[in-house]
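# pasting the sequence and the predicted coordinates here, then a few questions.
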Amino acid sequence: MLALPSYSTAKTLVAAVGLMRLEQLSPGARRALISDYVPECATRDWRGVTFEHALDMATGVYHRPGYEQDEDATDVVAFYNYETHRERIGFSCRHYHRHAAPGTRWVYRTTDTYVLGAAMAEYARRKLQLQDFYTDVLAKPLWARLRLSPMLATTRRTRDASRQPFTGYGLSYHRDDIVRLAQFLSVGEGEIDGVAQLDLHMLRAALQRDPQNRGLGAGFPGLAYRDGVWARNIAGPLGCDSPLWVPFMSGYGGISVVMLPGGVVYYYYGDSGVWDWSPAAIELGKLRAFCPRALH
């Protein structure tokens, strides 16, 4: 069976699910301060930045505020080339500076997700006596019980003693895995055998089930980002008479995993740079009504 790359879908499956799991196990984790758990970020730039701010891509620490300008800049290549945690966390914490109050502006940055991963790993060690964040918070208690493929038992890590998970990317899985995970979140609401495994408040917010707070605008009209999950208002393409915000995961090159109403999961993996999944939603809408009623 063909292995699929996660790329930035890991920002949902590792960073978001990881923090939702920590919040369920240790209420208040999402409000913990990055600077308290990552010494390299104990600076004025990171003052007041919480775990959830980092998950929301709203640390206020960046260089260029335009859509993915930091993410696509040539200087970030150094981060991806570094092999040790010391190098990666030093770059992520100190290369950029404060330009906005935490929680006020969305700027997409894999380096911030890496910082969050380091913070969550230290939090799990201190508060829960868990030695390996990925294995003890995600792989054993969740992935194994969901009967996911053995590929998800591991993730890419730094090549040093810390073995820090990449967090924002670095997974591989089978296509059955991604469908099971999407349904675990959107249909099962994070439950396994009827027992909640994730913080329900955070999960429902990420799935756009709080109409009073869609999250921060994510670069273009009709796009939002909350708690590590993208959302798009597809009322227009579907002809809905009211907003229809659909949560989805997204990854480099043209990866979309869309959690449509009624438990419908649509996924597409490509390398052509196409992320517009609305044509598929329109066709699926012919088989199952996603809107209460249509304008045309």
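Happy to help now that I have it. Numbering: from 1, shown residues only.

# element containing D36, please.
Using DSSP states H and E, D36 sits within helix 34-37.

# pLDDT (mean, whole number) over that helix?
Mean per-residue pLDDT for helix 34-37: 98.

# so which other helices or strands are in contact with it?
If you count contacts as 3 or more CB pairs under 8 Å, 6 or more residues apart in numbering; DSSP states H and E, helix 34-37 packs onto helix 51-55, helix 110-128. Using the backbone N, CA and C atoms, a C-beta is placed for each residue, glycine as well.

# nearest to Y80, out of those helices?
Ranking the helices and strands packed on helix 34-37 by proximity to Y80 (CB to CB) places helix 110-128 first, at 8.3 Å.

# and the helices in this structure?
10, 17-25, 34-37, 51-55, 69-72, 77-81, 85-94, 110-128, 133, 175-186, 200-206, 235-238, 278-285 (DSSP state H).

# tell me which of the ones you listed is the most buried.
helix 10 (a mean of 29; mean count of other CB atoms under 10 Å).

# what mean pLDDT would you report for that one?
Mean pLDDT, computed over helix 10, is 98.

# list the contacts of it.
By CB atoms under 8 Å, 6 or more residues apart in numbering, the residues outside helix 10 that reach it are T155, F166, T167, G168, Y169, G170, L171.

# who does the lowest-mean-pLDDT helix or strand in the chain pair up with?
Ranked by mean pLDDT, DSSP states H and E, the weakest helix or strand in the chain is strand 4-5, scoring a mean of 92. Partners of strand 4-5 in the sheet, by DSSP bridges, are strand 172-173 (antiparallel).

# show me what the least confident helix or strand of the chain is in contact with.
Strand 4-5 has contacts (CB under 8 Å, 6+ apart) with L171, S172, Y173, H174, R175, I178, G251, I255, Y269.

# let's have the residues you listed in CSV, adding pLDDT.
Putting these into CSV (pLDDT from 0 to 100) gives the following:
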residue, pLDDT
L171, 97
S172, 96
Y173, 95
H174, 93
R175, 89
I178, 95
G251, 96
I255, 96
Y269, 93
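
# now, the most widely separated pair of those?
The most widely separated members of the contacts of strand 4-5 are H174 and G251, with 15.3 Å between them, by CB to CB.

# neighbour-wise, which of those two wins?
G251 (21 against 17; other CB atoms under 10 Å).

# what residues are up against the nearest residue to that one once chain neighbours are set aside?
Distances taken as CB to CB, 6 or more residues apart in numbering place Y7 nearest to G251, at 3.5 Å, with adjacent residues excluded. By CB under 8 Å, 6+ apart, the residues touching Y7 are Y169, G251, Y252, G253, I255.

# what's the spacing between Y7 and S172?
Using CB to CB, to the nearest Å, Y7 is found at 10 Å from S172.

# any idea how far L138 is from the nearest residue in space to R180 that is not next to it in sequence?
Excluding the flanking residues, the one nearest R180 by CB to CB, 6+ apart is L146, at 5.6 Å. L146 sits at a distance of 10 Å from L138 (criterion: CB to CB).

# if we can go back for a sec, TSV for the contacts of strand 4-5, including distance to R88?
Output for the contacts of strand 4-5, formatted as TSV (distance: CB to CB, whole Å):
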residue	distance to R88
L171	17
S172	20
Y173	23
H174	28
R175	30
I178	26
G251	20
I255	23
Y269	27
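
# return the member of the residues you listed nearest to G263.
Nearest to G263, judged by CB to CB, of the contacts of strand 4-5 is I178 at 14.5 Å.

# so where is the stretch 151-296 of the chain shaky, pLDDT-wise?
Within the stretch 151-296 of the chain, the stretches with pLDDT under 70 are 292-296.

# for it, just list every one of the strands.
Taking DSSP state E, counting those that start in this stretch as the test, the strands found in the stretch 151-296 of the chain are 172-173, 191-192, 195-196, 216-217, 223-226, 229-233, 245-251, 255-260, 264-269.

# other SSEs contacting the fourth one?
The one in question is strand 216-217. Applying 3+ CB pairs under 8 Å, 6+ apart, one finds that strand 216-217 makes contact with strand 223-226.

# alpha carbons of the strand it packs on, as CSV, please.
Only the C-alpha atoms of strand 223-226 are listed here, as CSV (Å, rounded to 0.1, in the frame of the first residue of the first chain):
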residue,chain,number,x,y,z
LEU,A,223,-10.7,31.3,5.2
ALA,A,224,-10.1,30.9,8.9
TYR,A,225,-7.8,29.1,11.2
ARG,A,226,-8.5,27.9,14.8
